[in-house]
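Peer 1: pasting the sequence and the predicted model now:
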Amino acid sequence: MINRPHVDWFALAPSLALLGAAGLLLMVAVFVPRSGRRQVAAFVAFAGFVAAGVWAAFLDDRSPNPVAVVHDAMLRDRWSALAQVIIAGCGAVAVLVSYREQMRDEHVAEYYALLTAAGAGMAFFVQAGNLMTLFLGLEWFSIALYVLTAIDIDLIGSLEAGLKYLIIGAVGSATLLFGSALVYGITGELSFDRIAAAGHAHDSMLVVGLAMIIAGLMFKSSAAPFHMWTPDAYQGAPTPVTAFMSSATKVAALVVSYRVLVSAFPHSTDLWRAAIAVIAIVSLAWGNIAALVQRNVKRILAYSSVSHAGFMLIAIAAQNPLGERALLYYLIPYSAMSLGAFAVVAARERELGAPVTLQNFAGFGWERPFLGVSMWVFMLGFLGFPLTGGFIGKFYVFAAAYDHGYWWLIVAGVIATMISAYYYLGIVRAMYFRDSAELQLAPAGGSPPHDPLLAIGVGIALVVTVGSFFAVQPLIDVAHSAASSLPF
Amino acid sequence: MANFIVWVVWFGAAFACLVSALAVVSFSNPFYSALALIGNLASLAVLYLLLAGEFVAAGQVLVYGGAVMVMFLFVIAYLGDRTEDSPWAGGPSWQVFGAVLAGGALLAEVIAVVALKAGNLLEQPKHIGRSFGTPASLGRLFLTDHLLAFEITSIVLLVAAVGGVVLGSHARATESDARA
Amino acid sequence: MNDWLTTFLILLPVAGALLVAIVPFSAYFLGSLATLVALLEVALWITAAGRFDFGSSSLQMSQHASWFSDLHVSWHVGMYSFSLWFVGMTTVAMAACTIYGWWVGRDRARAYFALMLLLTAAIVGVFTAQDLLLFYAFFEAMLIPLYILIGVWGGADRMRATITFVVYTVVGSLLMLAAIIVFGLQQGTFDLTRMGPSSSTWLFLGFVVAFAIKSPLFPLHGWLPVTYREAPAEVSGVLSGIVGKAGLYGLLRIAIPYFPQPVHDWRVVILVLASISLVYGSLLAFRAPDFRGVVMYSSLAQAGLIVLGLFANNSLGFDGAVLQIVNHGLVSTSLFLLAGMVERRTGTRGEFSLLGGMARGRPALATLIMTVGVISLAVPLSTTFAGEFLILAGAFKQGWAWAVVGCVAIVLAAMYMLRLISGTLHQDVGPAVSDAATDLRVGELAILVPLVLCLIGLSAWPDLISGRAAASNGTEWHPSARIAATGPWSCQVGAANCPPQGVRLQP
Amino acid sequence: MHGPDLQWYVVLSAILFTTGALGVMLRRNPLIILLSVEIMLNSANLLLIAMSRLHGREDGQVFAISVMAVAASEVVVGLGLIVAMGRRGVELDVDKLRTLRG
Amino acid sequence: MTSTAWITLLLPLASCAVITAGGTRLSRRAAGYISTATALGAAVSAAVAFFDMWSKSPSARGSATTSWTWLSAGPYHFGLTLLVDQLSIVMMLIVAGVGSLIVAYSVGYMDGEDEERRFFAYMSLFLFSMLLLVEGGNLLLLLAGWGMVGLSSYLLIGYYQERESAIAAAKKAFVMNAFGDATMALALFLLVQHTGALDYATVFAHSPHGGAVANLIALGLLGGALAKSAQIPLHTWLPDAMEGPTPVSALIHAATMVTAGVYLICRTHPLFENAYVVQDLAAGLGAATLLMAGLIALVQTDIKRVIAYSTMSQIGYMFVGAGIGAYPNAMFHLMTHAFFKALLFLGAGIAIHAVAGEQDIRKLAGVGKLMPVTKWLFLAGSLALVGIVPFAGFFSKDSIISACLAHGWYGAIIWVVAMVGAFLTGAYTFRLYFIVFTGEPSAFVREHFHAHHGKEGPVSMLWPVSILGLLSLIGGWIQFAPLWHPFSTWLDPVATPFVEPTNTQEWLSSAIAIVLGLAGIAVAYVLYAARTTEVPKPVKAFERKFYWDELYDVLWYRTSDLVARGFYALVETPFIAGSITAVTGAVGLGSRELSVAQNGLVRSYALALAGGLAILAVVFLAVR
C-alpha cells in the first residue's frame, strides 16, 4: 500500500500554469488552422506567462515562511516566488517581442510551446529543493532552450549555435551531475538542507563536488571562464530567444546558485565565497574587455551579459543581507534592460533583414525615436548611470561588497564599468552620431510594418528600467522579505 | 568462493567498460564508436548488478542499449558512414595538450579524493535488505518521495520529443537559405 | 522644512524637456518653447533669491523625502547662499545658451532643446543636492545630455571628442562613486547635512580626482582640448562655464568640509597642482592658435586660480572663490558664444591666421569682444578682478609664493587675452573675414548684452556675492561649519579633526 | 559486501568521466562527441549507484534512472540537430562550425 | 563736497556710456561735444569742490565718504570710498582741467577720423579712470583706477587698430603696466595680511615701521609707480606709446596718467617713510631716468618721441622730489609739467596735423616759418620745460633740485645728476625747437603743408593751446619757494615734506640750474640753428635706447613663448593627450587577444570549462 504524498498544488501553480500553456499550444499546433495559428499561439503563451506571474505573486504573498513540498523535492518560499515573477515577466515580454519574428509558420505554435516549457522549467528550477530536482529542472529548460536556439533551422548560424550550446551544455550538466553524485556520495543526502545538516565541512569529496556544482551553475549563469558558449549562442539564436535566454536564464541560474550555495554548503562558505569572488572578477574582466572590439551588437550584448553576471556574483560573494537584496534588486532592472535591448536589436534586424552591427545601426536613433531613446536608456542602465535601475543595482552591489570588506571587488567593478562605458556608449554613438545617409542601407523589402507589440514590450522594459530607479524602496522591501526566507 | 567470482566479474566488467569507452572516443568511424558504446553500457549494467541495482541494470540495457543506441545507429546509417581521417587533428596547437592536462587534473583530483577517503567511509557500505534496488521499492520511491522527479523526467522527454519534431522537419524554400 | 522651491527649480526644466519632446510643434516653436522655459527658470531663481535669507548660514528652501531607507538615502535638496549664486549663474548661462541654440537654428531641434533643458535640470540638481547619492546621480546625469550634444551637433572630430570626454569623466565619477559608497556606509547615512568628517585619505582622493577632472585641473585636463574644440560653441560654453564649476563646487561642498585631516595633509600638493594649472594654462592659452584654444586654456588657468582660493583655507579665499566661480561662469559662457558667432560669420574654426581686422565696421562685435575680454583678464574694477584679488589675498595668507604665482599669471592673462582681442579684431583684415561677416544681429545682442550687463553690474558691486557667499556675519568662516559635529556619525578620527562650528582649522 | 571496495567504483567512474571529457575536447565528429557525453553521464550514473549502495539508500538509483531519461532526451535533440545539419549538407565536423567566433 | 566729487567722477563715465550705447545713431561731432562738455563739467564741479574746500579750515578739509561696501570677505571689508582732500583736489583740478582742454582740442584734431566716436568714448573712459584713481579712498580703489587708466591707455594707444606697430605698442604698454599692477597687488596683500584693511587711515596707522615687511610693501607700491610713470626699469613702453593720436600723448602720456606714480608716492608717503631705503631707491631711479632719458632725447628724430623722453626725464625730477621727501615740490612740478608738456604735445600736434601727419623732425624742418602762432607757443613751452624765468618750469623744477641739497650726501649726488639733467633738457629741447621751427622750410614741408582756412589750424585746436601757453607762463607764479609757498602750505596737512632747503640753497640751485639750462640752449643753437660746427655723430647706445627693449624681449616675451612651446611639445601633446590613447590602445590589444581565444571551436569551449573546473577543484582541495 503506497501512501501518496501530499502535493501542494499552489506551490506548483506557476510551473503548472506554464506547462498547461505549453500543452495547450501543442493542441493549437495540431488543431488551429495555420492562418490564425500565430495570433492564437502568441496569445496563449502570453496568457500562460501572465498567469504564472500572477500565481507567483500570490505565492510570494502567501508563503511568508519557507516550507518543503513533496518530501524535499521542492521549496515554497518567497525567494523562489520572486524569481518566478521576474521570469514570468521576461517570458511575457519575450512573447511580445517574438510576435513578428519571421519564423516558419508551421512551427510557430511549437516555438511558443517550447518557450513556455522553458519558462516552466525555470519556474520549477528556482524552486528545486534537492540535487535531483535541481538537475532535472536544469535539463528541462536547457533542452527547451537548445531547441529554441536552433529553431530557425535554416539559418546555419542558428544551427551552429544550437549544436555548440547543446554540446557544451551537456558537458556542463554532466559536470553538475557528477558533482551532485560526489556530494551525495559523501553525505548520502540529496536535499539541500540535509546536505548542510550532514556536515562533512571541508571534506575532500565534498569540496570537489562543490567545485563541480559551482562549475555547472556558473556555466548556466554564463560567468567566465564557463561562459564561452554565451556569445555564440546569443548571436546565433533568434533574437527573441536570445532576449529570453539572457534575461530569464540568468535570473534562474543566479537565484538558484545562491540558494544552493547558501542552503547546502554553509560549512564551506569561505571556500565558495572566494571562488565566486574570483569568478566574478574574471567575468568582469573578460566580458568587458572582450566586448570592446566586437562589431555585432548581439555579441556585444552577450559579452555585456557575461560582465553583468560578474556584477551579480559580487553580490553573491558578499553573502550578506545587503548582498541578497542587491542580487534580487539587480536582477529586476537587468532583465528588463537586457530584454529591451535585444528587442530593439530585433526590430532593427527585421527592418534590415541582416544581422545588426554597429555599422548598420547608424541613424536608427533618428529613424525610430522611441526605440532609439529606449536603447539609449538601456545602454545607460547597463552602464549603471542614474535615472536607471542599473545605477541603484550597482550601488547596492558595491555597498554589499564593502559591507563584507571586499573593497577590491568594488575596485574591480569600478574599473570594469569604466571599460564598459566605451562599448555601451559606442552603441549610442552608432545610433545617433552617424547618419544612415552616410552608408546606403537598403531596408530589405522596405521598412516592415510598425510593430506595436514589440513597442509595447520595449515600453514595459523601459518603464521597469527607469521606474526601478525611482521606486527603490518597494522593490527593496520585496527583495528583503524574499531574502529573509533563506536559511541563516 | 562467491567472492572470487564477484572479483572476476568485476574485473571483467571494469576492463570491458574502460576499453569500450576508450574505443568510443578513439574510433574514427562513428558507427564503431556507437557499437563500442553499447558494449560500454552493457558492462556498466553488469557493474550495476554488482551494486545491487537490478532495476537500473535492466533499464540500462533496455533503454540505453536498446532504444537510444538504436536511434544512434539509425541516424548514423541515415547520414551514411563518413569516416573521418585523423580523428585527433584540428583545433589550435595547445588544444590537445590543454585537454589532456585538464582531464588528467580532474582524474587526479578524484583519485586523490578517494585516496584521502581510503580507509574510512567508502569501505563500510551499509548493510542492505533484500528488496534493495528491486523495481518494487524503486517504484514506491518514485510514487512517494520522488514523485516530482518522476513527473519531470517525463516532461523532459516530452520537451525533447517536441524539439525532435521541430528540428527534424523539412527545410523551407531556398529564399530562406539566402538569409544564412 | 519642506519648501518646494528648490525642487521646482529642478523639475521645471525636466517638465519643459518632456513637453518639448512630445508637443507636435515646428522646430522654431520648439525653440521658443525651450526659451520660454529657460527664462521661466531664471524668473524662478529670482523669486528664490528674493525669498532667500542671507543672514542665516543654514540650509534653506530644502526638501527632504526618504528615497530608500535601509541605506538612509533620500531626496534632499536645498540651497546654501553660495549654492544660490551657482544656481543663478546656471540658470542665466543656460538660458543664454539655449536661446543661442534657437538663434542659430540647430537641426533636430526636438532632441536638442530637450537635452539642453535636461542639462539645466541636472546642473541645478548638482548645486542643490544635499544627499551624497543624489549629488552623484545629478553629477552623472550631466554627462548624458552632454554626450549627445557633443556627439550629434559637434564638429568633424566629434567622435574622438566624445570618447575622450566620456572616458575621463566616467573614470573620475566612478572613483567618486566608490568613495561615496564607502563614505556613506561608514557614516551610516548619505545625507550630507548629517554626515561627520572623515580622515580617510583614499576617500578624499577619490572625491578630489573626480572633481579635478571635471574642473579641470592639471594634469587631468586631457579631455579639455578636443572636447572644447569639437563641441558646439554654446555647449562648450556650458562645459567650461557651468559644468566645470560643478567640480569646484564639489570641492567646496564635499571635499573640503568633510575631510579636514586629508585637506590639511594634501594642501600643498593641491596648491602646487593649482598653481601649475594656472601658469600652464595661461602659457598654453598664450600660444593657442585659435579663439577657442585661448578661451579653453584660460578656463584651465581660472580653475587653477579658484582652487588656489578654495585651498587657501580662509574666508578671503572661500568668498573669492565663490565670486570668481560665478564670474568665470558668465565670462566663459559669453566668450564661447562669441567664439561661435565669430566662427559662424567667418566660416572658420577660429584660427587667428584667418581672422583679424574684424573691428572695423563691426562696432557691436568689437565692443562686446573687447568688454568681455578685458573683464576676463581681470582688469581692475571688474568683478573678476575683485574675485582674483580676494583669492590671491587669501592664498597670500596661506603662503606668499602662491600669490606671487598668481600675480605672474595675471600678467600672462593680459598677454593671451590681448592676443585674442587683437588677433580677432585688430591689425590687417584676415583672409576669412569678408563683408559677408556682418556685425552682430539683434538676436545675438539680445543673448550677449544681458550677460555682459550682469558682469558690469557685478563689477559695480561684487560684494553682492562675495559678501553673501556665506552668512559669516563678519567673521572667518569655513565650509566645515556646515557639518553636524554631533550625533552618532560624528568624527571617525577623534575630536582633533572635528572642526567646531564656524571655526577655521588652521590657527 | 562481496567484491572490491566502493572506492574502485569511484575511480572507475572518474576514469570514464575523464575519457568522455577528452572525447568532447578532442573529437570533431558531433556524433562521437555526443557519444562521449553519454559516457560522461554514465560515469555519473555509476557513481550515483555506487553511492546509493554505500549509503544503502535507493534514491541514488532513482536519480540514475531519471538521468538515463534525461540523457536520452539530450540525445534526441542532439541527433535532431545533427540530422538537420546532414540534411543541409553541412559537413559533420564541429571544427567547421566557426562562423560564430571572436 | 561729496556730491561734487561724485559728479566729477561720473560725468565722464556717463559720456562714455552714452557714446557707446548711442553707436552710429550719434553723429561724430555730437560725440566730441558730449565728451568735451562732460569733461568741462567735471572740471567745473572739481573747481566748485576746490573752493568749497578752500572755505574750510585746513584741518577739516579732508573728507572720506563710503557709499557702499564694494567688496568684502569674512572680516575684511573694502568700501567704495571717495576721498577728497587737498592732494586729490589738486589732481582732480589738473586732470579735469587739462583733460577738458585736450578733449576740446581733439574735436578739431580728430576731425575726419572715421571712428572718432570710439576715440571720444575712450577719452571719457580715461578721464573717469584717472579721476577714480585720484579720488579713490582706499588702496583697492586706487588700484582699480590704476588698472583702468592702464586699460584706457591701451585702448587709446591702439586706436589706429590697423597699424601693426600701434597694436604692438598698446599691448606692450598694457603688459608692462600689468607688471606694476601685480607688484602693487602683492603690496596690498601684505597690507591686508598685516593691517587687515586697505583704507588709508588704517593702513598708515597700523603698517609696520621699518623691517622687511615695510620695505616689501613700499617696494611693491614703487613697482606700480615705476611702471605707470615709465621710470627705469619699466619705462620702455612710453616712447612706443607715441603711436597713439597726439592728444592722447598729451593727455595720458604727458599730463596726467604717467604722473600717477608721483601721486601714488605722495599719497602713500607714510608707507614709504616707513621704508626710507625704498624711498631713496625711488629718488635714485628718478635721477637715473632723468639722465638717461635726457641723453636718449638728444638723438631721437621723431618729434613726439623727443617730447616723450623729455616727459620721462621730467617725471624723473618728480620722482627725485617725492623720493627725497619734498612732496609739495613734486606735486607742484607735476602741475606745471602738465601745463607745458601738454602745450608742447599739442603744439607738435598742430604741426603734425598741418603737415600730413609727418612726425620726423628732419622732414618737418622749418615748419615754424609757416605757422608763427604755434611757433611762439612752442617756444613758451620749451622755455618752461627748460626752466627759464619766469616760465612755470623754473619755479617747480628748481625747487626740487634745491631740495636735494637738504638730503645729505645722497641728495648731493642726485643734485649733481639733476643739474646735468637741466643742461641736457636745454640741449634737447632747443635742438627740437631750432630744427623744427626756425630756419627755412624743407621741401617736404612746402609740398605737404596745407593751411586750415588760411589759419594754422582750426580754432578748436588753437584756443586750448593758447590757454595752455598762458598757463605755462604764469602757472608757476603761485609759488616761489624762497619767498612765498601757498601750494606747499595747502598740501602740508596731507603731504608733509621732511626736507626743508634753506633759502641760500634755493637761490644757489636756481641760479646754477638757469645757467646750465641756458648753456644747453646755447649748445643747441650752435649745433642746429647757427650750424657753425658739425653735429657730432650720435652715440649708438643712445639711439638704441640703452638696449632695454632687447633685454625685455629676451627676459620675458621670448622666455614665455619658449616655455609655452615647450609645454606644447613636451607635456601637452605626448602626455596629456597621449596618455588616453595609450590606455585605450592597451585595452584594445587585450580585447583582440581575448577575441582570439574565443575561437569558435567547441572543443576549446569545453576545454575552458574543464580547465576552469580543474583549477577550481585543485584550489579547493588545496585550501579546504
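Peer 2: That came through fine. What you see is a predicted model, and the numbers here were worked out from it, not measured in a lab.
Peer 1: around chain B, pick out the residues from chain E.
Peer 2: Those residues of chain E that sit near chain B, judged by Cβ under 8 Å from any Cβ of the partner chain, are E:599, E:601, E:603-604, E:607, E:610-611, E:613-615, E:617-618, E:621. (Glycine included, C-beta is placed from N, CA and C.)
Peer 1: most neighbours among these, which one is it?
Peer 2: Of all these, the most densely surrounded is E:Leu613 (30 neighbours; neighbours counted as other Cβ atoms under 10 Å in any protein chain shown).
Peer 1: that one in helix, strand or coil?
Peer 2: For E:Leu613, the secondary-structure state derived from DSSP: H, G, I helix; E, B strand; the rest coil is helix.
Peer 1: does it really touch B:Leu106, like I thought?
Peer 2: Yes. Counting by Cβ atoms under 8 Å, a contact exists between E:Leu613 and B:Leu106, whose distance comes to 6.9 Å.
Peer 1: out of the residues of chain E next to chain B, which is nearest to E:Ala214?
Peer 2: Nearest to E:Ala214 out of the residues of chain E next to chain B is E:Ile615 (Cβ to Cβ; 76.5 Å).
Peer 1: what about the helix or strand where A:Leu82 lies, near chain B?
Peer 2: Mapping A:Leu82 onto the secondary structure by DSSP states H and E places it in helix A:78-98. No. Contact between helix A:78-98 and chain B is absent, the nearest approach being 14.2 Å (criterion: Cβ under 8 Å from any Cβ).
Peer 1: after that helix, which helix or strand is next? Please name it.
Peer 2: Once helix A:78-98 ends, the next helix or strand along the chain (criterion: DSSP H and E) is helix A:108-125.
Peer 1: now do that following helix: which elements does it pack against?
Peer 2: Helices and strands touching helix A:108-125, as assessed by 3 or more Cβ pairs under 8 Å, 6 or more residues apart in numbering or on different chains; DSSP states H and E, comprise helix A:9-31, helix A:34-62, helix A:78-98, helix A:131-149, helix A:239-244, helix A:250-264, helix B:147-168.
Peer 1: quick one: mean pLDDT for it?
Peer 2: With pLDDT averaged residue by residue, helix A:108-125 scores 94.
Peer 1: and that helix, how far from the chain's centre?
Peer 2: Distance of helix A:108-125 from its chain centroid, counting by Cα atoms, centre = their mean, to the nearest Å, is 14 Å.
Peer 1: and what of stretch E:287-307?
Peer 2: The chain centroid and the centroid of stretch E:287-307 are separated by 17 Å, computed with Cα atoms, centre = their mean.
Peer 1: C:Val77 belongs to a strand?
Peer 2: Yes. Under the criterion used here (three-state DSSP), C:Val77 sits inside a strand.
Peer 1: help me confirm that it comes into contact with C:Thr6.
Peer 2: Yes. Using Cβ under 8 Å, C:Val77 and C:Thr6 qualify as a contacting pair, with a distance of 4.6 Å.
Peer 1: now do the shared contacts for these two.
Peer 2: Jointly contacting C:Val77 and C:Thr6 under the rule Cβ atoms under 8 Å, 6 or more residues apart in numbering or on different chains are C:Ser62, C:Gln63, C:Thr128.
Peer 1: narrow the residues you listed to those in helices?
Peer 2: Among the shared contacts of C:Val77 and C:Thr6, the ones falling in helices (DSSP state H) are C:Thr128.
Peer 1: identify the residues contacting B:Leu18.
Peer 2: Residues near B:Leu18 by Cβ under 8 Å, 6+ apart: D:Leu12, D:Ile15, D:Leu16, D:Thr19.
Peer 1: take those and keep only those in helices.
Peer 2: Counting by DSSP H, those place D:Leu12, D:Ile15, D:Leu16, D:Thr19 in helices.
Peer 1: of those residues, list those near chain B.
Peer 2: When Cβ under 8 Å from any Cβ is taken as the criterion, the members of the ones in helices among the contacts of B:Leu18 that contact chain B are D:Leu12, D:Ile15, D:Leu16, D:Thr19.
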